[in-house]
Structure formats: structure tokens, C-alpha cells
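> next input, structure requested:
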Amino acid sequence: MSALFKNLGSLYRYVLCRDGCNVLNKIKSRSYAKKIVSKVGAQAAKKTRIEVETDPEKLLKYCCGANIYIEGKDPELKPDSEYPDWLWNLRIERGGTKLSELNPETPAYWKRLSRINYTNNIRIKTRLQRLKAIQYPDDNIP
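This next block holds a predicted model:
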């Protein structure tokens, strides 16, 4: 009887009922879905290169690249007086604000300080692990 169960494709178990009857039950099992195999290799979508505008007249009159629609043209630039004042005070530098620019009484200051300490600790830890690996190559220190 066991040879019969070995040849079955799915997982089954042999159960003896209370009445003495033999029952074959299918065991429920989970598995990942089968991978879809395509006959033809999948071709990657080609990226479209957007040409950078070099015409100085157009750069002075229009906000080039701001049009998100297929049709239409870029929005025309207005005089500075028509834009809100806060627009000219936006930070355009990359990276976070310097710790010296923040007020120590705000949560943003302490969050930034915590982030700086965390990154410094990670740098120190990786540097120490490299030094240990050089000095003690036989030890497997995680």
C-alpha cells in the first residue's frame, strides 16, 4: 500500500476511520505560484531620451519640461511680482539642514541630532569590523 502512495503526485495520507474503513485524504499544502515562462525572451522597454532645451530665448520665456501632457506646450513664465514671496525663500541646496541652523528647543533639532549620531555610529562600527577582519582573519566575528 505504501508503494501506491509514493507514486501519487500530490501529498496524500492514509487514515483509518472509527469504523475501520480505510480513507485516502489529500493533505492541503501551500506553495508559491508557478513562474510564467515566456517562449520569447522579455524585451526591456527602451527609455526615451528627452532633449535638453538650449535656446536661450525659449529658456527665458517658458518653464521648459514642466508640461506633463503629450500635447500642449510648456507654461509661460510670469514676472516675479506675480509669484508668492515664500517661493523665493525655498532651500535649493541638497542635503538636510545643518544642525547649527536649527533651534535646540524644537523636535526637528533633536531628530536631526539623533540621525547624525546614528550614521556616525554605523560608520564607526563598519570601520571596526574591517579592522578586526584584518587583524584576526581566523575569527569569524559577525
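
> before we move on, what SS does the residue nearest to residue 139 when sequence neighbours are not counted have?
By the measure of CB to CB, 6 or more residues apart in numbering, the closest residue to residue 139 outside its immediate chain neighbours is residue 132, 7.3 Å from it. In short, each C-beta sits where N, CA and C put it, glycine included. Here residue 132 is recorded as helix under DSSP: H, G, I helix; E, B strand; the rest coil.

> and residue 132, how many neighbours?
The local packing count at residue 132 equals 12, with neighbours defined by other CB atoms under 10 Å.

> could you do the one 5 residues further on as well?
One way to gauge burial is a neighbour count; for residue 137, by other CB under 10 Å, it gives 8.

> ok, back up a step: how close does the residue nearest to residue 139 sit to residue 119?
Relative to residue 119, residue 132 is positioned 21 Å away (CB to CB, to the nearest Å).

> swap in residue 67?
Applying CB to CB to residue 67 and residue 119 gives a distance of 39 Å.

> quick one: which of those two has more around it?
Neighbour totals were compared for residue 67 and residue 119, and residue 67 leads with 13 against 10 (other CB under 10 Å).

> is it true that the more buried one touches residue 73?
Yes. When contacts are counted by CB atoms under 8 Å, residue 67 is listed as touching residue 73 (6.3 Å).

> tell me, what's touching those two both at once?
Counting by CB atoms under 8 Å, 6 or more residues apart in numbering, residue 67 and residue 73 have no contacts in common.

> helices of this structure, start to end?
2-6, 56-61, 107-135 (DSSP state H).

> check which helices and strands the longest one is in contact with.
What it means is helix 107-135. With contacts defined as 3 or more CB pairs under 8 Å, 6 or more residues apart in numbering; DSSP states H and E, helix 107-135 has no helix or strand neighbours.

> any chance you could map the strands in this protein?
Assigned by DSSP state E, the chain shows strands spanning 12-16, 22-26.

> how many neighbours does residue 102 have?
17.

> so it sits against residue 108, correct?
Yes. Using CB under 8 Å as the test, residue 102 is close enough to residue 108 to be in contact (5.8 Å).

> in this structure, where is pLDDT below threshold?
1-30, 38-44, 140-142 (pLDDT under 70).

> neighbours of the residue lying closest to residue 102 once chain neighbours are set aside, how many?
Excluding the flanking residues, the one nearest residue 102 by CB to CB, 6+ apart is residue 109, at 4.1 Å. When neighbours are counted by other CB under 10 Å, residue 109 registers 15.
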